[in-house]
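In: Let's see this in three dimensions:
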Amino acid sequence: MVELATKASTTLVEIEDVYIQAHGMRMHYQVAGPLDAPPLVLLHGIGGSATWWDKNIPAFAAHFRTYALDLPGFGQSWRLRERYTIKLLADYLHQWLNLVGLERTHLLGHSLGGQIVMEFAAHNPERIDKLILASPSGVWVTMAERMAWFKKAPRIKIPPEQMLGVAMGTLRTDLLALSWSMTTMTRDAAQVPLNLKALQMPILVLWGTADMVLPPLAAPRVIEMITQHPAKLVYIENASHDLMVDQFEAFNRATLAFLLE
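Out: Numbers count the residues shown, from 1 in each chain. Reported below is the predicted structural model:
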């Protein structure tokens, strides 16, 4: 394994870009926060990258050693050769955790990242302290429900400067990785209820009230499927699907309140 690291400063927080060469792959992640702080791992959604967490890492790094991983084929991580499945991506996360040396961590996944961390946490509960699912994909919503929601959903305007990190990450996306990821989100959705029922750790579910991708009506369904441990649901007002970007302050507050309690 070979590691390369560079450093940059954002909002008075030093964020380190780290590249791992292992098993013919290049994995990229960002890390910030005290070396001796509890770890927190962030996993982005489809078309995203570690840069999607630009507004969150400074707040989280005040309390946690915060890691933001680029999934394979997104951001600056190389694409895998095999066709993607949720299990394959969860195995990728597992391998990365082992390479970095994180035996146990808090884990936060957004959208596709949420579906991946469900899979990982269901099969590796001993590796997770607390789990946060931010608008996780794979939750069943009928087309009729989607259309009804789209007609009445509030429209929000997002300042362009808030979307800079999102845009930079999306520009680096490998198109084949994007296609494979979109396919596996739907194809492997049947596993989501089974994974949710298997979760055994404290769980926070976050959802934007103006989410046009995954309607908020899906949120209570997630809670209902978590049966082995009490789960908390928090709606982020006037937040889109990318709730950690357009309402980052409320997102950060809800996340930290859960992690620090």
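
In: drop to CA atoms for contacts and neighbour counts, all remaining ones
Out: Noted.

In: since we're on the closest residue to residue 210 other than its chain neighbours, how many residues are nearby?
Out: Nearest residue to residue 210, sequence neighbours excluded (CA to CA, 6 or more residues apart in numbering): residue 240, at 4.8 Å. Look at residue 240: counted by other CA atoms under 10 Å, it has 26 neighbours.

In: Determine which residue lies closest to the centroid of the protein.
Out: Among the residues of the chain, the smallest C-alpha distance to the mean C-alpha position (CA atoms, centre = their mean) belongs to residue 109, namely 2.5 Å.

In: Tell me which residues are up against the strand or helix carrying it.
Out: Take DSSP states H and E as the rule and residue 109 turns out to sit in strand 105-110. Residues from elsewhere that reach strand 105-110 (CA atoms under 8 Å, 6 or more residues apart in numbering): 38-45, 114-117, 127-136.

In: In helices, which of those residues fall?
Out: Among those, the subset assigned to helices under DSSP state H consists of 114-117.

In: need those residues in a markdown table with neighbour count, pLDDT and distance to residue 95, can you?
Out: Below are the ones in helices among the contacts of strand 105-110 laid out as a markdown table (neighbours: other CA atoms under 10 Å; pLDDT from 0 to 100; distance: CA to CA, whole Å):
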| residue | neighbour count | pLDDT | distance to residue 95 |
| --- | --- | --- | --- |
| 114 | 26 | 96 | 17 |
| 115 | 31 | 95 | 17 |
| 116 | 29 | 96 | 13 |
| 117 | 31 | 97 | 13 |
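
In: and which of these is nearest to residue 198?
Out: Closest approach to residue 198 among those (CA to CA): residue 117, at 12.4 Å.

In: who's the residue nearest to the centre of the chain bridged to?
Out: Taking DSSP bridges, one finds residue 43, residue 133 as the beta-bridge partners of residue 109.

In: how near is it to residue 255?
Out: According to CA to CA, to the nearest Å, residue 109 and residue 255 sit 12 Å apart.

In: Overlap of the contact sets of the two?
Out: Common neighbours of residue 109 and residue 255, counting by CA under 8 Å, 6+ apart, are residue 132.

In: and stretch 34-41, C-alpha only, in PDB?
Out: What follows is stretch 34-41, C-alpha atoms only, in PDB (Å, rounded to 0.1, in the frame of the first residue of the first chain):
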ATOM      1  CA  PRO A  34      -7.700  15.900  15.800                       C
ATOM      2  CA  LEU A  35      -5.800  12.600  15.500                       C
ATOM      3  CA  ASP A  36      -7.100  11.400  18.900                       C
ATOM      4  CA  ALA A  37     -10.800  12.300  18.200                       C
ATOM      5  CA  PRO A  38     -13.400   9.600  17.600                       C
ATOM      6  CA  PRO A  39     -13.700   8.800  13.900                       C
ATOM      7  CA  LEU A  40     -16.600   9.800  11.600                       C
ATOM      8  CA  VAL A  41     -16.800   8.600   8.000                       C
END
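
In: List the contacts of it.
Out: 61-69, 102, 104-108.

In: where along this protein do the helices fall?
Out: Ranges of helices in the chain, per DSSP H, are 57-61, 86-100, 112-123, 143-152, 164-171, 175-187, 191-198, 219-225, 243-246, 248-260.

In: With respect to those helices, which exhibits the lowest mean confidence?
Out: Comparing these by mean pLDDT, the weakest confidence falls on helix 164-171, with a mean of 53.

In: Tell me which residues touch the residue nearest to residue 210, please.
Out: Taking CA under 8 Å, 6+ apart, one finds 156, 208-212, 246 in contact with residue 240.

In: Give me the pLDDT for it.
Out: 91.

In: Could you measure from it over to residue 30?
Out: Separation of residue 240 from residue 30 (CA to CA) stands at 24 Å.

In: same deal with residue 45?
Out: Using CA to CA, one gets 16 Å for the distance from residue 45 to residue 30.

In: quick one, which of these two is more surrounded?
Out: residue 45 (26 against 23).

In: tell me the contacts of the more buried one?
Out: Applying CA under 8 Å, 6+ apart, the residues contacting residue 45 are 109-114.
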